[in-house]
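S.K.: The following comprises the amino acid sequence and a computationally predicted model.
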Amino acid sequence: MSEMSYLEKLLDGAEVEWKPLREVCDFKNGFAFKSNLFKETGLPIVRITNIDGFNVNLDEVKYFSPNDYKEDISSFEVSMGDIVIAMSGATTGKVGFYKNETRCYLNQRVGKFVPKRNLLNNKYLYHFLLLNTEAIYILAGGGAQPNLSSNALMSKLLIPIPSSSNPEKSLAIQSEIVRILDKFTALTAELTAELTMRKKQYNYYRDKLLSFEEGGVEWKTLGEIVKMRAGQHISARNIVDGKEGDFVYPCFGGNGIRGYVKEKSHDGEHLLIGRQGALCGNVQRMKGQFYATEHAVVVSAMQGINVDWAFHMLTAMNLNQYASKSAQPGLAVGKLQELKLPVPSIKRQEYIASILDKFDMLTDSITEGLPREIELRQKQYEYYRDLLFSFPKPEATSN
């Protein structure tokens, strides 16, 4: 596809008019369902937490019973192919394409776009909205408490309509753009589904390989097979964002890498457990020289213990469940050391680790495997989406 020449060929001399979204699309705000009437079964409610930026995810959905409401809620129904948007909260401006056959309903602070079908292709609108997530967030005021007004969204967000004076030709151009972009999103969706399946396989084999009949192997406490010690405090002023000068050692806290420091606290093969923060209980492998802060627990394998097997074992143990129940969850080293687990022979450990490492590389590696392929396809989609929506704008127009 040769950049502008393709776009010019697609337009075939047609003018492009930037219109306020409300001229080609209607909008429906959600209904104020009462949280105290939420059910575990019934009809699903689409809340802002169900919108992931691409689709509507019903994995953790709330339900309601129509018998609890006197109002006619039929106009708040969401059907397959509908596009919804989060109007407030952390996901403000993110859109979701509804792919399910099950009917569901809009909650408050969730809106639904209703394109005028004789003027606007639904999927054309979807790809346009994905391109303009940041512009929509700005319309919401940004900041800590973004709040999107449907009036501002529909009047201030401008959408390019090719050949607006000839609706039939306009829809044909829109459909061609959709056809091209849908190819990329379909491939990404296939790869994502493959990744999900591989992760399920990994979890299955991990649980199978790490489970033993009682009496089949010796059970020991973590304190008997690994050394565990919290890292050391370091002042924030002694940490820089990137490698520079003498700041060459990566510094890790409870939520991953914090930056770089001048001195190392550890060298060799170790495991790090997030001790506090959002990733409390998360386990990662470390090789080489690094610095660990007091918010991470450094794990060193004792003789007869394979560090890679220990990584998979600790991951499967879901250590977050042992965190203190407080506003700032934390893991106590002493409590972790008392946890019991089955410990097979070193040869068995190495065998288990070799199998699980292959799954791990396929499902989690950002340089190899499916995550890398998905990232590349997403970038490819974004490149062509940006290209196909790069219609010339009037000088005073900006989204």
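M.R.: Done, it's in.
S.K.: Which segments of this protein make up each domain?
M.R.: The record's domain parsing of the chain by automatic domain parsing lists 19-162, 213-343.
S.K.: Please identify which of these is closest to Glu176.
M.R.: Closest of these to Glu176 is domain 19-162, at 9.7 Å (criterion: C-beta to C-beta). For glycine as for every other residue, the C-beta is placed from the backbone atoms N, C-alpha and C.
S.K.: which stretch in the domains of the chain is the model least sure about?
M.R.: Least confident of those, judged by mean pLDDT, is domain 213-343 with a mean of 90.
S.K.: that older thread, quick one: closest of the domains of the chain to Arg385.
M.R.: Of those, nearest to Arg385 by C-beta to C-beta is domain 19-162, at 5.8 Å.
S.K.: nearest spatial neighbour of Lys123, skipping sequence neighbours?
M.R.: Val178 (4.3 Å; C-beta to C-beta, 6 or more residues apart in numbering).
S.K.: can you map out the helices along the stretch 1-150 of the chain?
M.R.: Under the criterion DSSP state H, counting those that start in this stretch, helices of the stretch 1-150 of the chain are mapped to 3-11, 122-131, 133-139, 150-156.
S.K.: And the contacts of the longest one?
M.R.: By C-beta atoms under 8 Å, 6 or more residues apart in numbering, the surrounding residues in contact with helix 122-131 are 25, 54, 81, 83, 85, 95, 97, 113, 115, 136, 159-160, 174-175, 177-178, 181-182, 385-386, 389.
S.K.: Which residue is the nearest non-sequential neighbour of Asp360?
M.R.: Residue nearest to Asp360 in three dimensions, not counting chain neighbours: Tyr202, with 7.0 Å by C-beta to C-beta, 6+ apart.
S.K.: The one you found against Lys358, yeah?
M.R.: No: assessed by C-beta atoms under 8 Å, Tyr202 is found out of contact with Lys358, at 9.2 Å.
S.K.: These two: which has the busier surroundings?
M.R.: Using other C-beta atoms under 10 Å as the criterion, Tyr202 and Lys358 rank with Tyr202 on top: 19 against 13.
S.K.: helices or strands up against the helix or strand containing the more buried one?
M.R.: Using DSSP states H and E, Tyr202 sits within helix 167-209. For helix 167-209, the elements it packs on are helix 3-11, helix 122-131, strand 158-162, helix 307-316, helix 346-364, helix 369-388, judged by 3 or more C-beta pairs under 8 Å, 6 or more residues apart in numbering; DSSP states H and E.
S.K.: next structured bit after that helix?
M.R.: Later in the chain than helix 167-209, the nearest helix or strand by DSSP H and E is strand 218-221.
S.K.: Go ahead and name everything in contact with that next one.
M.R.: Gln337, Glu338, Leu339, Lys340, Leu341, Pro342, Val343.
S.K.: Inside helices: which ones of the residues you listed?
M.R.: Gln337 (DSSP state H).
S.K.: Turn the contacts of strand 218-221 into JSON lines, including distance to Ala236 and neighbour count.
M.R.: Below are the contacts of strand 218-221 laid out as JSON lines (distance: C-beta to C-beta, whole Å; neighbours: other C-beta atoms under 10 Å):
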{"residue": "Gln337", "distance to Ala236": "29", "neighbour count": "14"}
{"residue": "Glu338", "distance to Ala236": "33", "neighbour count": "11"}
{"residue": "Leu339", "distance to Ala236": "32", "neighbour count": "14"}
{"residue": "Lys340", "distance to Ala236": "38", "neighbour count": "10"}
{"residue": "Leu341", "distance to Ala236": "36", "neighbour count": "18"}
{"residue": "Pro342", "distance to Ala236": "41", "neighbour count": "15"}
{"residue": "Val343", "distance to Ala236": "39", "neighbour count": "22"}
